[in-house]
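Participant: pasting a predicted model and its sequence here:
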Amino acid sequence: MIEHRPLKSLGHANHGWLDARHHFSFAEYHDPDRVHWGALRVWNDDTIEPASGFPPHPHANMEIITYVREGAISHQDNLGNKGRTVAGDVQVMSAGTGIRHSEYNLEPGVTRIFQIWIIPDQLGGPPSWGSKPFPKNDRSGRFIALASGSTGDDDALPIRANARVMGATLREGESADYELDKERKAYLVPAYGRVSVNGIELAAGDGAAISDESVIRVTALDTAELVLVDVAS
């Protein structure tokens with residue numbers, strides 16, 4: 001089963017400095033049918049204006065993955081971590097018992113990110129943060145793990161959840177397959193380009209909530225970049 005969620009159907013909040021689309025209930029947006037998808041709790045598509053961002057604020061007991069689509073995001077937290085994550089790369093924050101952080105766009109142009117929250121397998125644990133570059137050539141024509149709590153994904157950023165955040169770039173006409181266990185759910189969003197997902201067409205920014213599909217075949221209708229999250233049901 002694949003439920004197509006067009007970009008225009010998502011929750012929307014424009015704060016001036018931040019233009020956000022919500023795939024799931026978040027802040028003032030609430031849809032009882034879109035509260036979570038298995039252990040996937042939040043997927044926000046954020047456009048952040050230059051010289052603005054999220055001031056220091058706290059989180060606890062959540063795995064927060066940021067995929068930078070355009071520009072760069074600059075992170076700072078109360079653990080002393082500082083970093084700048086650029087387009088195509090990923091940062092992960094395991095909030096654990098609690099962390100306070102800020103995320104700013106210090107670039108001359110807009111920054112666009114996917115902000116993904118996954119419910120951890122267990123509460124607590126020491127908070128942590130990490131960032132990693134993922135050259136696009138490494139995921140050309142195939143899915144690779146960007147962040148993962150699964151055994152064997154040694155090159156991915158670690159998360160404390162039975163989940164995987166996968167990325168792929170596809171040339172027009174190229175396809176990539178992803179095998180999905182029957183006990184799990186997936187959620188897929190093209191960062192740019194149009195794709196066909198098991199025959200269902202998605203435009204950039206559209207969501208696909210996927211379950212009971214043993215193989216997910218993604219075919220690029222244009223040159224495309226996409227992110228897929230595989231989580232426990």
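Facilitator: Received it, and whenever you're ready, just let me know what you need. Numbers count the residues shown, from 1 in each chain.
Participant: so what's residue 101 bridging to?
Facilitator: Residue 101 has these beta-bridge partners by DSSP bridges: residue 57, residue 77.
Participant: and residue 139, what pLDDT?
Facilitator: Reading off the confidence values, residue 139 has pLDDT 85.
Participant: how close does it get to residue 17?
Facilitator: Going from residue 139 to residue 17 by CB to CB, to the nearest Å gives 31 Å. Yep, even glycine has a C-beta here, placed from its N, CA and C like the rest.
Participant: for the residue lying closest to residue 81 once chain neighbours are set aside, which residues are in contact?
Facilitator: The shortest distance from residue 81 to any non-neighbouring residue, by CB to CB, 6 or more residues apart in numbering, is to residue 129 (4.5 Å). Counting by CB atoms under 8 Å, 6 or more residues apart in numbering, residue 129 touches 75, 77, 79, 81, 83, 91-94, 99, 101.
Participant: secondary structure element holding residue 129?
Facilitator: strand 128-132 (DSSP states H and E).
Participant: buried residues, that strand. List them.
Facilitator: By 16 or more other CB atoms under 10 Å, the buried positions in strand 128-132 come out as 128-131.
Participant: for it, give the mean pLDDT please.
Facilitator: pLDDT averaged over strand 128-132 gives 97.
Participant: can you list contacts of whichever helix or strand comes after it?
Facilitator: Next in sequence after strand 128-132, counting helices and strands by DSSP H and E, comes strand 144-148. Contact partners of strand 144-148, identified using CB under 8 Å, 6+ apart, comprise 63, 65, 67, 90, 92, 132, 134, 138, 153, 155-159, 163-168, 227.
Participant: how about 6 Å then?
Facilitator: Here strand 144-148 makes contact (CB atoms under 6 Å, 6 or more residues apart in numbering) with 65, 90, 92, 134, 153, 156-157, 159, 164-167.
Participant: surely residue 68 and residue 115 touch.
Facilitator: No: applying CB atoms under 6 Å as the test, residue 68 and residue 115 come out as separate, 10.2 Å apart.
Participant: pLDDT value on residue 85, please?
Facilitator: Value listed for residue 85 in the pLDDT field: 97.
Participant: who does it bridge with?
Facilitator: Beta-bridge partners for residue 85, by DSSP bridges, are residue 73.
Participant: need the contact list for it.
Facilitator: Here residue 85 is in contact with 68, 73, 91, 131 (CB under 6 Å, 6+ apart).
Participant: backbone dihedrals for the residue nearest to the last one when sequence neighbours are not counted, both of them.
Facilitator: When you say that, I think you mean residue 131. Distances taken as CB to CB, 6+ apart place residue 91 nearest to residue 131, at 4.0 Å, with adjacent residues excluded. In terms of degrees, to the nearest 10, the main-chain angles of residue 91 are phi -130, psi 150.
Participant: who does residue 91 form a beta bridge with?
Facilitator: Here residue 91, judged by DSSP bridges, has bridge partners residue 66, residue 131.
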